[in-house]
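> Provide a 3D model corresponding to the input given below.
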Amino acid sequence: MRSLTPAQLNRVLTLLDMGKSAHEVATTTGRSVSTISRIRSKHRSSLSKAAGGRPRKLSPSDIHYTIQQITSQKIDHATQASKVLQDMNGESISARTIGRALKKAGMKAVVKRKRPRLTKKHRRERLDFALAHKDWTVEDWKRVVWSDETKINRSGSDGRKWVWKKAGEGLSDRLVEGTVKFGGRNLMLWGCMLWEGPGFATKIDGIIIFQQDNDPKHKSKKATNWLIDSGLDVMVWPPQSADLSPIEHLWHYLKKRLAEYEVEARSIQELWERVQTEWDKIPASVCQNLIESMPRRIACVGGQGRLYQVLD
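Residues are numbered from 1 along each chain as shown. Predicted coordinates:
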């Protein structure tokens, strides 16, 4: 007798789990009753015989298979799982049903985190930066003026993408949505922060002159010459490493405050007025807590950098 493929075996087990008799499974799959009976004895010996009532839409095999597909990064969410199971079993199963089953299995839906895509070169430069600043104390980081820009949407979603994760599962590529820099039409804000609190903030109209991450427009000749003429020391920042800068969390704090407005801003000008109001209300303690996190950030990057070197 020709052996069954994993997919064919899973189909047989699925039908058995749904309460189908050996005769029904044999008729559906084209296998002999004796073959189905042997499979039942080997893989489902404790399975009770078919009973009355509505059969379950999802079998334990379906759930196990779905979790395997998710954790192996072949699918991300319940909608995709619904299509896969429908193609495999020939029966329609809603994404909501699959979602409930995944929750009972200990998984939960989370938003994919956005992180810059890091090449091997990026990782080496991040590690070099961490090692160069590993002995910096909070007092050293207090001397830094942190600057950055962000886009604030007047309306619309955050473009969040959901993915299922196991309870206690750590961060991995499966849970991350890669990002790249791109322009946008809504309000662009440039600002800076110091230990003493938020610094100057301005709405950007057109090309900006000064910003101290590695965005190409921040390395213009005009900006570089201005810094030299002003006698300012510029910290060399590793590329694709906005996540290391504490001011990124200041933007998150600001946007949370803006999201608390019950009525959407009617124009970009009104949005800008709200930004100014909320920016001026940011307490110095928020900036201080963020800056105090820098030694921990550097320590984490140092550890990750060594791990990347080993893996690569």
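> what segments of the stretch 151-300 of the chain are strands?
For the stretch 151-300 of the chain, strands defined by DSSP state E, counting those that start in this stretch occupy the ranges 162-166, 176-179, 187-194, 197-204.
> pLDDT-wise, which helix or strand of the protein ranks last?
strand 176-179 (a mean of 59; mean pLDDT, DSSP states H and E).
> so which of the strands of the stretch 151-300 of the chain comes closest to residue 3?
strand 162-166 (32.1 Å; Cβ to Cβ). In short, each C-beta sits where N, CA and C put it, glycine included.
> now residue 44: closest residue in space, sequence neighbours ignored.
residue 16 (5.2 Å; Cβ to Cβ, 6 or more residues apart in numbering).
> got the buried residues for stretch 281-295?
Within stretch 281-295, the residues scored as buried using 16 or more other Cβ atoms under 10 Å are 282, 286-288, 290-291, 294-295.
> how many other residues sit next to the closest residue to residue 167 other than its chain neighbours?
Among residues not flanking residue 167 along the chain, residue 106 sits closest, at 4.9 Å (Cβ to Cβ, 6+ apart). Using other Cβ atoms under 10 Å, residue 106 has 12 other residues around it.
> same thing with residue 14?
Residue 14, neighbours per other Cβ under 10 Å, totals 21.
> how far does stretch 27-34 stretch from start to finish?
Start and end residues of stretch 27-34 are separated by 12 Å (Cα to Cα, to the nearest Å).
> okay, the strands of the stretch 151-300 of the chain in JSON lines with mean neighbour count and distance to residue 254 next?
Listed next are these as JSON lines, based on neighbours: other Cβ atoms under 10 Å; distance: least, Cβ to Cβ, whole Å:
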{"stretch": "strand 162-166", "mean neighbour count": "18", "distance to residue 254": "25"}
{"stretch": "strand 176-179", "mean neighbour count": "13", "distance to residue 254": "19"}
{"stretch": "strand 187-194", "mean neighbour count": "20", "distance to residue 254": "8"}
{"stretch": "strand 197-204", "mean neighbour count": "15", "distance to residue 254": "9"}
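> got those as TSV, with distance to residue 257 columns?
Formatted as TSV, the strands of the stretch 151-300 of the chain follow (distance: least, Cβ to Cβ, whole Å):
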stretch	distance to residue 257
strand 162-166	25
strand 176-179	23
strand 187-194	13
strand 197-204	12
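> looking at the ones you listed, which has the lowest confidence?
Here the lowest mean pLDDT among those goes to strand 176-179, at a mean of 59.
> any idea how far residue 268 lies from residue 192?
As judged by Cβ to Cβ, to the nearest Å, residue 268 and residue 192 stand 22 Å apart.
> go on, residue 77?
In terms of Cβ to Cβ, residue 77 sits 39 Å off from residue 192.
> cool, and residue 148?
8 Å.
> could you name every residue contacting both of these two?
Counting by Cβ atoms under 8 Å, 6 or more residues apart in numbering, the residues touching both residue 148 and residue 192 are residue 247.
> check the closest residue to residue 118 other than its chain neighbours and give its pLDDT.
Once flanking residues are discounted, residue 118 sits nearest to residue 240: 5.6 Å by Cβ to Cβ, 6+ apart. The model reports residue 240 with a pLDDT of 75.
> over to the one 5 residues further on?
Each residue has a pLDDT score; the one for residue 245 is 87.
> and for residue 311?
32.
> same question, residue 47
Here the pLDDT value assigned to residue 47 is 69.
> residue 209 too?
Looking at residue 209, its pLDDT stands at 40.
> tell me which helix or strand the residue nearest to residue 44 sits in.
Using DSSP states H and E, the element containing residue 16 is helix 6-17.
> list the helices and strands that helix packs on?
Counting contacts by 3 or more Cβ pairs under 8 Å, 6 or more residues apart in numbering; DSSP states H and E, helix 6-17 packs against helix 22-29, helix 33-43, helix 60-71, helix 78-89.
> and the ones you listed: which comes nearest residue 204?
Nearest of the helices and strands packed on helix 6-17 to residue 204, taken as Cβ to Cβ: helix 78-89 at 37.9 Å.
> any idea which helix or strand comes after the closest one?
helix 95-104.
> before we move on, the earlier item: so the residue nearest to residue 167 versus residue 164, what's the distance?
10 Å.
> shared neighbours, the two?
Both residue 106 and residue 164 lack any common contact, where contact means Cβ under 8 Å, 6+ apart.
> who touches residue 193 in this structure?
Counting by Cβ under 8 Å, 6+ apart, residue 193 touches 145-146, 199, 246-247, 250, 287, 290.
> can you check the pLDDT for the residue in the chain sticking out farthest from the centre?
Computed with Cα atoms, centre = their mean, the residue of the chain farthest from its C-alpha average is residue 34, at 48.8 Å. Note for residue 34: predicted pLDDT of 85.
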